[in-house]
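Student: No letters, just coordinates:
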């Protein structure tokens, strides 16, 4: 009993179970349309861009911070790369590197102003969200199309039945899941999120680490944006709109806390998969898109409430070890 | 007015009978009874986790007892919440601060009880006037009720906290560790206030770990251990040792002073200047315990933080093993073998929601690295060895630190630094809020370190521990070094003179650098 309760505290496990149940029930209800390779492959393709951003958001949220400008960066990086290729005829790899380069710069500015100057991340990235959206509108306007074939190929090739964005997503998730679990560098983000002052006094260079985390999420968002342009064969100034909140929702569903110190990279992907499945099921059930948002909101609240209830009842250690004066 | 004890002899104001309180998995209070007389100061002693705070929370309506009754002036009463407690005349000052920095002193005192007109609009004129009268009555006329709270010193803020509790004219006042974060001078003022309250018939329950205070101020003392009542004694008929024996259920082994001071100078600080300290120079020898004495706000913590590289705003030369060094970040200090156990354990020392093992390895994750990758089994191994070495009481190394008692938490912070094998360890209030048993264990750990050649700089506001552990004591006052005392010159009186600025061993015309803005 005790062991099972403890397992239920791990969001990766509870979310995996929930997803499995959702898949089984949906397969029973729609045996012909839901459990098909094409459907799953489409669900994964649709959530791949957001998952890449969610990986960065998870690391940021583990450190107790977040970034609202990611959606704008997705649009801007895609648009900027497209602009260079279309108007200036810049060679594809150079345009991509330039697109990721400006994303890194945006991340550095966010990180520097948050960590060194001390602007609250909510305010800083909210402002940056507006600024970058404006820049995205400037570079891509009504949209840019007709890219060189060597660019489109990046996001439109199929390998083993899955489109490349799915593979990029899996590689990035696997890479960062490994790095966050196994390297001292990424482990430090848990300490920063756990207690920033104590982390500094324990010799962790908190300011630098924070700047790195903002650079990381921005470059992942930039890469995701370029990948999206390639996949669609078009760069649009509206892409990524509202993505920041969907990604934060997925990451919280995946086990992160706004206070920091908690979460796993795998949880971020499970969060986006769960949200992707919900919207897929809604489409199959012919439920209006409005309901999707309502239901996702309710699920988010429910997940957090269940978490609070579980935490109240688990972890009761033998009497002699506990603080007896619980205030 | 006559002596309160004579005047109100045998007038029982409050009785707690057979109180039992069970939390999930824990019996916090086990059949506890207590009697409180009118006009007495009743001390409540016990180790951390003995049930003192729970008992007070039952009395103030935060917890409902599972069994037992609260009898006030002969009538059984229910205390379902704090509001009712207030109406019954029970006031409490919690260990945790309940004040708001951005509001004025008066608004803090009357939080939730501001005088209003008939439309619910706050009458500020009346509010400030009321606060002024109350503060004057408590001998705090120097506090302007319109001042923002954050501009007051920690000691004065504590006074405001007490004024807040007294604004409801309680007949019973509960003080939970009221002197934990205030200076001795402020403590004296507090004791005077308590004394005058008892003259008016107020009964005071006084919770403190500091024995000297209890003997100074209390009339009687009750002792709790593991949630059980151990007895009540009149102060004049009991000794410190007796109380400790009742609290821990055994005699504490008193360590004899033993010096491990070597010849070699390890650390040398020259002309340290910063916003909170002036021209400080000192030497630290191998294996030495150098005590830093001073009042709250004297600049001791700021000096330590400067040496450790936390705050960069200072100048001065630091020499370690004859090599000049520059420290800009705690990481630099740690690489040079300097550690710093911070003043506030929960805010600065611990990752409360993380596990014991994660906390212990926080300073040096590299101990668990193999082939550039973290090995979690190694984290547990390293942590378990320290859990054993320091006698940290925890079910296992994966327990969250927030669930452990203060003493065990402090040992975890200490373990974090032992992991680095520091050459110099700065400890800032190492036994703050720690019970007597754990205190003795922490002293033993520090002594063992010096035996192995580690030098220790110890900041402490508890003079007895400073006197018994230090080999040499430096006294700071208002950011100036006012004395350097060798072991043979140690005495509480001497230190207090130098700490309060009435004497200075060094220059007579030392500058005053004004009250530090913040002591945190």
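Tutor: Perfect, I can see it now. Nothing here was measured: the structure is a model prediction, and the numbers come from that model. Numbering: from 1, shown residues only, chains lettered A, B, ... in the order given.
Student: pLDDT score assigned to residue B:234?
Tutor: Per-residue pLDDT puts residue B:234 at 91.
Student: dump the residue contacts of it.
Tutor: B:219-220 (CB atoms under 8 Å, 6 or more residues apart in numbering or on different chains). Bear in mind the C-beta positions are built from the backbone N, C-alpha and C, glycine included.
Student: if we look at the sheet, which residues does it bridge to?
Tutor: In this structure, residue B:234 bridges to residue B:220 when assessed by DSSP bridges.
Student: Is residue 266 in a helix, a strand, or coil?
Tutor: Using chain A. At residue A:266, secondary structure determined by DSSP: H, G, I helix; E, B strand; the rest coil is helix.
Student: I was after chain B.
Tutor: Criterion first, three-state DSSP; result for residue B:266: strand.
Student: List the residues that contact it.
Tutor: B:284-286, B:320-321, B:423-424, B:455.
Student: List only those of these flagged as buried.
Tutor: B:284-286, B:320, B:423-424, B:455 (16 or more other CB atoms under 10 Å in any protein chain shown).
Student: Among these, give me the pair with the biggest separation.
Tutor: Largest separation among these by CB to CB: B:285 and B:320, giving 12.9 Å.
Student: What's the local residue count around residue A:144?
Tutor: 22 (other CB atoms under 10 Å in any protein chain shown).
Student: Is it in contact with residue A:83, as I believe?
Tutor: Yes - with contact defined as CB atoms under 8 Å, residue A:144 reaches residue A:83; the gap is 6.5 Å.
Student: which neighbours do those two share?
Tutor: With CB under 8 Å, 6+ apart as the test, residue A:144 and residue A:83 both reach residue A:235.
Student: What is the three-state secondary structure of residue B:262?
Tutor: Going by three-state DSSP: residue B:262 is coil.
Student: With residue A:56 instead?
Tutor: Strictly by three-state DSSP, residue A:56 counts as helix.
Student: Leaving out the residues flanking it, which one is nearest to it?
Tutor: Among residues not flanking residue A:56 along the chain, residue A:217 sits closest, at 3.1 Å (CB to CB, 6 or more residues apart in numbering or on different chains).
Student: which is the next helix or strand following the helix or strand that contains the one you found?
Tutor: Here residue A:217, judged by DSSP states H and E, is contained in helix A:206-232. Remark: after helix A:206-232, the chain's next helix or strand is strand A:234-235, criterion DSSP H and E.
Student: Let me know the next secondary structure element after that next one.
Tutor: helix A:243-253.
Student: Run through who's touching that next one.
Tutor: Contacts for helix A:243-253 (CB under 8 Å, 6+ apart): A:11, A:15, A:50-51, A:53-54, A:57-58, A:61, A:66-71, A:74, A:129, A:258, A:263, A:267-268, A:270-272, A:274-275, A:296, A:299-300, A:303-304.
Student: In PyMOL, select just the buried ones from these.
Tutor: Applying 16+ other CB under 10 Å to the contacts of helix A:243-253, the buried members can be selected in PyMOL as follows:
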select buried, chain A and resi 11+15+50+51+53+54+57+58+61+66+67+68+69+70+71+74+129+263+267+268+270+271+272+274+275+296+299+300+303
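Student: pLDDT weak spots in the chain?
Tutor: Chain wasn't specified; assuming chain A. A:1-6, A:311-327 (pLDDT under 70).
Student: if you could check chain B rather than the one you did, that'd help
Tutor: B:1-10, B:24-26, B:48-49, B:181, B:250-256, B:507-520.
Student: ok so, going back, show me the two of the contacts of residue B:266 that sit farthest apart.
Tutor: Most distant of the contacts of residue B:266, by CB to CB, are B:285 and B:320, 12.9 Å apart.
Student: tally of neighbours for whatever residue of the stretch 301-450 of chain B ends up closest to chain A?
Tutor: Chain A sits closest to residue B:351 of the stretch 301-450 of chain B, with a gap of 3.5 Å, by CB to the nearest CB. Residues within reach of residue B:351, counting by other CB under 10 Å, total 24.
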